[in-house]
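Next one to model:
(one chain, ligands or ions: 3)
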Amino acid sequence: MTQIAEVIVDVPTMQTNRPFDYAIPASLTKQISPGMRVVVPFGKRQLQGFVVAITDQSSFEGTLKEIVAVVDLRPVLNHELLQLSQWLAQSTFAFWISCLQTMLPSVMKASYEKTVRLEPTADPKLATELFQGKQEIPFSEATNLTSAHKLLQLQKEQQVEIVYHVNNRAHKKMLKGLLPTKSVAECEALKANLTKSAKKQALLLAYLTSVAGQTEAIAYQQVLAAVAVSRETLRTAAKKGWFKEVAIEQYRDPYAGHTVEHTRPRVLTAEQAAAVTQISQAVKESQNEVYLVEGVTGSGKTEIYLQVIQDALKLGKTALMLVPEIALTPQMVNRVKGRFGERVAMLHSGLSTGERYDEWRRIERQEAQVVVGARSAVFAPLSHLGVIIMDEEHETSYKQDDMPRYNARDVALWRAKYHNCPVILGSATPSLESRARAQKGVYHLIRLKHRVNDRPMPEVTVVDMKNELKKTTEGNFSELMLTQIRQRLIRHEQSVLMLNRRGFSSFVMCRDCGFVLKCPNCDISLTLHMDTHSMKCHYCGHEEAIPKVCANCHSHKIRYYGTGTQKVEAELKELLPTARILRMDIDTTRRKGAHEKILNQFGQHDADILLGTQMIAKGLDFPDVTLVGVLNADTALGLPDFRASERTFQLLTQVSGRAGRADKKGEVVVQTYNPEHYAIQLARHHDYEGFYKREMTLRHQGNYPPYYFTILLTASHEEENLAAKKIFQLMNQLKPVLSQKAIILGPTPRAIARVNRRYYYQMVIKYKNEPNLNAELTKIMQDNQETKKGIQISIDREPLSFI
Ligand code: ADP
Ligand code: ZN
Ligand code: ZN
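Ligands and ions are numbered 1, 2, ... in the order given. Here you go, the predicted structure:
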C-alpha cells in the first residue's frame, strides 16, 4: 500500500493550516518520518515543506502527487515540537508554516547548500570510494553514489556528517597559526647565530624548541599568550622559514577566548533554601506546577535557579532558562557557564547564525543539557525537561511582534505540561496577570522579602523637577543628583545613571514657526542622531540630513529638542570634568561585543559613571555601585497604554535594584515631573504588593487585564479609507458572534497612524468568555491573506503594547 505524507507547504501567498497529502514514492519508503523537511511539487513549482504525519489513507480524490526529495536524514522537529507548532498556530492565529520555521535556527530556514563531510574516525575505504580523496562533497553528489538510507547509517556510525551551508556566508572560521618544522638541534643552531640584542627572537626560538616535533598547528593567539613576542616577530620568523605558517579552522564557540570562572553553589539563605527544596521536590516527582518567585532585587533569585537546575541535572533531566534579551549580560552568562560549564548552550541574538546553529545542534544531540537564552530559546530541542525557568517574567520582550505573535511564557507553560515538569516564573515585579493567578491559587507564590545577607534596600529620594526648573536653567541634573554623584567621585564609588528613552526622542523644531521635521512615510517626527549626523525614522528607517533651514518658513532658527544620551553625556562632562564616563545605548553597543566591553570596563572600575538607556536597568551586579540616578522617570507615564504605570513601576524597581548590592549601602535619586504618582511613590518604598493592589483596583474599574482577555485587530492599507473600511467590516463580522458582555474599543486610527506609507486602523476586543470568538478570528485570518487589494490584517492575542 502506498504511504502518504501530510505536508505543510511553504506557499507565501496562499498560506493555510491544512496539510496537503503527498504519496511517498517507493524509492523513499522508510526514509520519511514526521518532522522532516521534504521537497514537493506545488502547481508548477517545487517547494519545501514539513512532514507532519504519515498515514495510509487520503481523503483527496484523484491521484496524489509524489514527494520529490527528502531534505533531512532524520527529523529536525520531534513529536513534542510538532505538536507545539500546531497549538501555536491555533492559539496565536498564525500560519502553521511560520510556526514551524520560527522553531528552527534561521540557517535551516534560509536557502542553503548541503554537503556531506567525512569524519576523522571514518573507515579509510569510505574516504576513497565515496569521497574520492576529498573531505567534503555536495549532498547531491553523495546521493548519486549511494542511497540516503546508507548515508543515514553512516551518520549514525559517526563516519560522516551532514552539513548545511548558508549561501555565500563563509562557513569556517580560520585562524593563522604555526606548524613547527625545525628540530630541537636546528632551533639551537639558529639561536646560536643570533646577535645579543635579538632578545625577542631568542624568546621565540626557545618556544619553538619546546614545541619541536609537534605535528599539530598552534594558533598565533596561543603563541602570543605563551611568549612575550609581537605578531611582527612571528611574521618575520615565518618569512625566515623558522616554521610553516598555516590556517587553522576554529570551531564556532561563542565563548571561545572568555575565561569563565568556575563557581560553587552558595550556602543558601533560609528563604532561598525553602524555595529550592519545594521546587526541586516537584522536579523529582515530575509535577507540572508553576512557582511564581516574587523576590526583591538582590534576594538571590538566580542562585535559586542554579541550584534547582543542578538538582534536575543530578536526576538526568535537562533545564531551560529564559532571560530577556537585554538581561543576557555577560555577567548572567558567566554565572550559568561558571556553574555548569560545557553542559550549557546559549541561544540569543548576539550569536552569528552559524554559532546559533552549532549551539542548536549541541542541544539536539543532547551534548548540552542546560539552555540559557532569550525568547526563541523556548523552542530549544531539549528532551527530558526537568524544569523551565523564566527570569523577569514580566518582560515585554518575551512577546514576539510578528507572526507568530506568541508569548514565550505561554509556550513555556505548554512545554512544562508536556514534560510534566515545574515552571519557575521569577521577578521582583511580576506581571499583574501572573500575580493574580498566584492569588487565585493557580500558581504557587514564593516570596523573598529580604536581600541576601539582609543588605538593606536602597533608599530612594524623589526630586520634583518642576521646582528644579525654577532654580536652574535647562539642565538635566537636579542639585541633589549632582551632589550625590560628586560624593561618589570623592569616595571612589560608582554611579549608574539611566535616561528613560521610552516614548521619547530628540527632534528638531523651528523656533519661528514651530515646524517639526516628520518622516515622509510615517506619522512620526524624525529623531536626531549626532553620531551619524542625520535625522532618522525609527519606524521605517528613512534617513535624511539635519536641516539647516526650516522647510516651512525658511528661517535659520532651528533648534534641537529633547535629550539624547549623547547630549546628557556632554552636559555631564562639562559639570564634572574629572569624572570618567561610559555611555551605553544603541549607538555605542551596535558592534558585536561592545556591550560586554563597556560592562567589563565598568566592572574593573575604569569609569566612575555608567550612563545609559533602559538597557542598563537589568541584571547588572557591581559591588561598587552605590548610586543609581534616574534622570526622567515619567516619560513613559503619558503613553496611551493602560500598562503605562506598570511599566514605570517595573523599570524604577529594576534600576533601583542595581544599587547597594554588596557591603556598601545604596542610594537612588529619581527625577520626575509627577512626584506624587502612585507608580513612583510605591516604587520608592519598594512596595510591589501595594502597587499590585492599587493597580488591580484600577484594572477592575477599567475592565482591563487581568480581569479581561484582550484581542487587538489591525487593518492597514496605503489608502486610509480602505484601511478604515476594512476594520469596520471586521467589526460588523465579529459583533454577531460576540455576547453582550464583550466590549469593543474602537475602531480608531492607531496612535501612530501611518507607518511606512501605510495607514493603520485598530480595534480592541475585551472579553471574558466567548466560545465563538476563536473560530471567527481564525476564519478572518484565513480569508484575509495578503490579497491583491493590498489590505493587511493582523490579529494579536493579549497584546503587550497598544500603540
Ligand atoms: P536577584 O536575581 O534576586 O536580583 P541575585 O541572584 O543576583 O539576586 O543575587 C544578588 C547577589 O547576592 C549576587 O551577587 C549573588 O552572587 C549573591 N548571593 C546570592 N545568593 C547568595 C547566598 N546564598 N550567599 C551569598 N551570596 C549570595
Ligand atoms: Zn519655520
Ligand atoms: Zn518612517
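
Going by C-alpha atoms from here, please, whenever you check contacts or count neighbours.
Will do.

so where's the stretch 651-800 of the chain shaky on pLDDT?
Per-residue confidence of the stretch 651-800 of the chain (counting by pLDDT under 70) places the weak regions at 786-789.

all helices for the stretch 501-650 of the chain, in order.
Defined through DSSP state H, counting those that start in this stretch, the helices belonging to the stretch 501-650 of the chain, from first to last, are 565-575, 594-603, 644-656.

same question, the stretch 301-450 of the chain
Ranges of helices within the stretch 301-450 of the chain are 301-314, 330-340, 353-364, 408-419, 432-440, based on DSSP H, counting those that start in this stretch.

Relative to ligand 2, which of the helices of the stretch 501-650 of the chain is closest?
Proximity to ligand 2, assessed across these by C-alpha to the ion, is greatest for helix 565-575 (23.6 Å).

Need the residues that contact that closest one.
With C-alpha atoms under 8 Å, 6 or more residues apart in numbering as the contact definition, helix 565-575 has outside contacts at 475-476, 499, 530, 579, 581, 583, 585, 611-613.

ok, now stretch 726-735?
Residues from elsewhere that reach stretch 726-735, judged by C-alpha under 8 Å, 6+ apart: 713-715, 747, 761-763, 773, 776, 791.

before we move on, the earlier item: make JSON lines from the helices of the stretch 501-650 of the chain and add mean neighbour count to it.
Below are the helices of the stretch 501-650 of the chain laid out as JSON lines (neighbours: other C-alpha atoms under 10 Å):
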{"stretch": "helix 565-575", "mean neighbour count": "16"}
{"stretch": "helix 594-603", "mean neighbour count": "16"}
{"stretch": "helix 644-656", "mean neighbour count": "23"}
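
Let me have the ones you listed in JSON lines, extended by distance to ligand 3.
As requested, the helices of the stretch 501-650 of the chain are exported to JSON lines (distance: least, C-alpha to the ion, whole Å):
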{"stretch": "helix 565-575", "distance to ligand 3": "22"}
{"stretch": "helix 594-603", "distance to ligand 3": "27"}
{"stretch": "helix 644-656", "distance to ligand 3": "24"}
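
related to what we said a few turns ago, filter the contacts of stretch 726-735 down to the ones near ligand 2?
On the criterion C-alpha under 5 Å from the ion, none of the entries of those sits beside ligand 2.

Mind giving me the ChimeraX command for buried ones among those?
Below is the selection syntax for ChimeraX that covers the buried ones among those, with 16 or more other C-alpha atoms under 10 Å defining burial:
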select :713,714,715,747,761,762,763,773,791
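
biggest separation within the contacts of stretch 726-735, which pair?
773 and 791 (21.8 Å; C-alpha to C-alpha).

Can you flag which of the contacts of stretch 726-735 belong to strands?
Among the contacts of stretch 726-735, DSSP state E puts 713-715, 747, 761-763 in strands.

Following the record's annotation, map out the domains of the chain.
The chain breaks down by automatic domain parsing into domains covering 4-110, 112-167, 174-249, 270-454, 459-503+564-685, 709-797.

The longest one - what's its average pLDDT?
When you say that, I think you mean domain 270-454. For domain 270-454, the mean per-residue pLDDT is 93.

so does it get close to ligand 1?
Yes - if you take C-alpha under 6 Å from any ligand atom as the test, domain 270-454 does meet ligand 1, through 295, 297-303, 452.

related to what we said a few turns ago, can you tell me which of the ones in strands among the contacts of stretch 726-735 is closest to ligand 3?
residue 761 (17.1 Å).

element containing the nearest residue to the closest one once chain neighbours are set aside?
Setting aside the residues directly before and after it, residue 761 is nearest to residue 749 in space (C-alpha to C-alpha, 6 or more residues apart in numbering), at 4.3 Å. Residue 749 is part of strand 743-755, with elements assigned from DSSP states H and E.
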